[in-house]
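*Asks:* Kindly generate the corresponding structure for this input.
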Amino acid sequence: MDSPATLLRQSVSTLRRVVIARVEPEIDGGRFPIKRTIGERVRVTADIFADGHDSLGAILLYRAGEDPAWREVEMRLAENDRWEAQFRVESLGRYQYTIAGWVDAFATWSAGLEKNFAAGQDVSTDIAIGADLVQATADRVRGTDAPKLAAKSDKMHDSKLDME
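*Replies:* Residues are numbered from 1 along each chain as shown. This next block holds a predicted model:
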């Protein structure tokens, strides 16, 4: 576990908290299982929010019985802070589901870039920020995607220079 000093050195974006509340369906806080028949869809909803105005992302993870592999479905914003996704019951037995949410830095950057561009503002700084986001992603991924992302980041930095 990280010490408080280590946590304080981390960037503010990693300290942001995404809150997931009022997950439905649930009975008595998950103490009892919900019931569905084969072929029915389970519609899962939750309130998902964070501090600030950043864009969020969320997925519904589910699995049948003791299946070790989780399947995922992208959740969509239904209204205000309410998100939803569904999955189909394919076999008899218990299913487990959970939700993961995060601050979506790329979507936040993209929305800001679009607004600034539409308003006729200088977007060179926005493009530099996007290039840094792409480079940070390139640093985290493996395989053939890493050099492609790094090249895209370089190209974005070069286009920023062309704008000046």
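*Asks:* what sits up against stretch 57-71?
*Replies:* Outside stretch 57-71, the residues that touch it by C-beta atoms under 8 Å, 6 or more residues apart in numbering are 20, 42, 44, 46, 48, 72-75, 83, 85-87, 90-91, 93-104, 107. Using the backbone N, CA and C atoms, a C-beta is placed for each residue, glycine as well.
*Asks:* For the chain, which segments count as helices?
*Replies:* Taking DSSP state H as the criterion, the chain carries its helices at 4-9, 12-15, 105-118, 124-140, 145-163.
*Asks:* Name the stretch among these that sits most buried.
*Replies:* helix 124-140 (a mean of 16; mean count of other C-beta atoms under 10 Å).
*Asks:* circling back: of the helices of the chain, which shows the lowest average pLDDT?
*Replies:* Ranked by mean pLDDT, the helices of the chain bottom out at helix 4-9, with a mean of 47.
*Asks:* what residues go with each domain of the chain?
*Replies:* 4-103, 105-163 (automatic domain parsing).
*Asks:* how far is the longest one from where the chain is centred?
*Replies:* What it means is domain 4-103. Relative to its chain's centre, domain 4-103 lies at 11 Å (C-alpha atoms, centre = their mean, to the nearest Å).
*Asks:* which residue is nearest the centroid of the protein?
*Replies:* Gly57 (2.9 Å; C-alpha atoms, centre = their mean).
*Asks:* now that residue, which residues is it bridged with?
*Replies:* Judged by DSSP bridges, the bridge partners of Gly57 are Trp102.
*Asks:* Next one: it relative to Val103, how far apart?
*Replies:* 8 Å (C-beta to C-beta, to the nearest Å).
*Asks:* got it, and Leu92?
*Replies:* Applying C-beta to C-beta to Leu92 and Val103 gives a distance of 38 Å.
*Asks:* and the two? which has more neighbours close in?
*Replies:* Using other C-beta atoms under 10 Å as the criterion, Leu92 and Val103 rank with Val103 on top: 18 against 9.
*Asks:* Now do the same for that one: its pLDDT.
*Replies:* For Val103, the model assigns a pLDDT of 91.
*Asks:* quick one, phi psi at the closest residue to it other than its chain neighbours?
*Replies:* Excluding the flanking residues, the one nearest Val103 by C-beta to C-beta, 6 or more residues apart in numbering is Asp54, at 4.8 Å. Asp54 adopts backbone torsions of phi -70, psi 150, taken as degrees, to the nearest 10.
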